[in-house]
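A.B. asks: Please work out how this folds:
(one chain, ligands or ions: 1)
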Amino acid sequence: MRDEPGALPGRRRLRPRTFERVRPSVPVRIQDSADVSPDAVIGEGSSVWHLAQVREGAVLGKNCIVGRGAYVGTGVVMGDSCKLQNYALVYEPAVLEDGVFVGPAVCFTNDHYPRSISPDGTLKRGDDWEAVGVTCRTGSSIGARSVCVAPVTIGRWAMVAAGSVVVTDVPDFALVAGVPARRLRWVGKAGIPLEQGEQDGLWVCPQTGQTYVEENETLREAN
Ligand SMILES: CC(C)(COP(=O)(O)OP(=O)(O)OC[C@H]1O[C@@H](n2cnc3c(N)ncnc32)[C@H](O)[C@@H]1OP(=O)(O)O)[C@@H](O)C(=O)NCCC(=O)NCCS
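C.D. replies: Now for the predicted structure:
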């Protein structure tokens, strides 16, 4: 017999309680092989694909997609319409605002100076170190196989190129690349590199026509 949504094969009792409590009007899709904690909250219209794991206390907004083999750590908070591509590793205490794209095999770290053991050789435990998190602001995108070294904030609508290592905060609308990641250009909300406008400090999206203003290495939408 087929397991119910959210159950692990042979572990029927792990069916997330959240779904019973909330009864979303738009169904949540959870593949049988996904491991979703009963204490996670999954927003309506969201999907969790094969072999993904969503830990206890994680909160996902509406219409999120958690790809195959992706990991969402304990207490991680994700807004609406976020996409975690296959094998993305989102360790707590990461926070993703709305509409964040996390590419395949991305890793968000949470231990700045990691050690498995203490100086006396004993195994370190969860409370022997202080976790630090990655924050991804609204609309930001993290390219495939990038590593974001916490604590770090990826700004609104910023884009991280594939294979980057991000060690410092990324400004809103910045396109950064490399190891360590440095700003290459500005990108607009459409994700397309912006073109220089007619006046100094003015930038234009070739797709939408939206204009942006640059001041002191920051960019904002023009009114
Ligand atoms: C960065 C990116 C967005 C292209 O932006 P672009 O503005 O069109 O950049 P260009 O191709 O013109 O390259 C500009 C420079 O950046 C370099 N560059 C481009 N992508 C890079 C990357 N991922 N890492 C390091 N350098 C990169 C180019 O070599 C070039 O260097 P040069 O000026 O010394 O020749 C694209 O390469 C990328 O990484 N996209 C993300 C893809 C992804 O991960 N998708 C996830 C879903 S599969």
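A.B. asks: Stretch 146-163 and the ligand, are they touching?
C.D. replies: Yes: counting by CB under 6 Å from any ligand atom, the ligand has neighbours in stretch 146-163: Ala161, Ala162, Gly163. Placement of C-beta: from N, CA and C, glycine included.
A.B. asks: quick one: which of these is most hemmed in?
C.D. replies: Ala161 (18 neighbours; other CB atoms under 10 Å).
A.B. asks: Excluding sequence neighbours, find me the nearest residue to that one.
C.D. replies: Ala177 (3.4 Å; CB to CB, 6 or more residues apart in numbering).
A.B. asks: Let me know the pLDDT of the one you found.
C.D. replies: The model reports Ala177 with a pLDDT of 99.
A.B. asks: Repeat that for the one 5 residues further on.
C.D. replies: Reading off the confidence values, Arg182 has pLDDT 98.
A.B. asks: which bits of this structure sit near the ligand?
C.D. replies: 103-104, 143-144, 161-163, 175, 177-178, 184-185, 193.
A.B. asks: Check the residues you listed for burial and list the buried ones.
C.D. replies: Buried members of those, scored by 16 or more other CB atoms under 10 Å, are Gly103, Pro104, Gly143, Ala144, Ala161, Gly163, Leu175, Ala177.
A.B. asks: Between all of the residues you listed, which two are at the greatest distance?
C.D. replies: Pro104 and Leu175 (18.7 Å; CB to CB).
A.B. asks: quick one on the thing from earlier: looking at the buried ones among the residues of the chain next to the ligand, which are in strands?
C.D. replies: Of the positions in these, Leu175, Ala177 sit in strands, assigned by DSSP state E.
A.B. asks: quick check, nearest of the buried ones among the residues of the chain next to the ligand to Gln210?
C.D. replies: Leu175 (15.7 Å).
A.B. asks: hang on, that closest one packs against Ala181?
C.D. replies: No: Leu175 is beyond contact range of Ala181, at 9.7 Å (criterion: CB atoms under 8 Å).
A.B. asks: shared neighbours of the two, anything?
C.D. replies: Shared contacts of Leu175 and Ala181 (CB atoms under 8 Å, 6 or more residues apart in numbering): Ala161.
A.B. asks: about what we covered before: can you redo the residues of stretch 146-163 next to the ligand as JSON lines with distance to Asp128 and pLDDT?
C.D. replies: JSON lines is the format used below for the residues of stretch 146-163 next to the ligand (distance: CB to CB, whole Å; pLDDT from 0 to 100):
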{"residue": "Ala161", "distance to Asp128": "35", "pLDDT": "99"}
{"residue": "Ala162", "distance to Asp128": "34", "pLDDT": "99"}
{"residue": "Gly163", "distance to Asp128": "32", "pLDDT": "98"}
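A.B. asks: Out of those residues, the closest to Gly209 would be?
C.D. replies: Ala161 (24.8 Å).
A.B. asks: who are the neighbours in contact with the closest one?
C.D. replies: Gly143, Ser146, Leu175, Val176, Ala177, Gly178, Ala181, Leu184.
A.B. asks: what's the most distant pair in those?
C.D. replies: Farthest pair in the contacts of Ala161, by CB to CB: Ser146 and Leu184, 13.9 Å.
A.B. asks: so Leu123 touches Trp129, yeah?
C.D. replies: No: counting by CB under 8 Å, Leu123 does not reach Trp129; the two are 11.9 Å apart.
A.B. asks: Looking at the two, which is more packed in?
C.D. replies: With neighbours defined as other CB under 10 Å, Leu123 and Trp129 compare such that Trp129 has more, 15 against 8.
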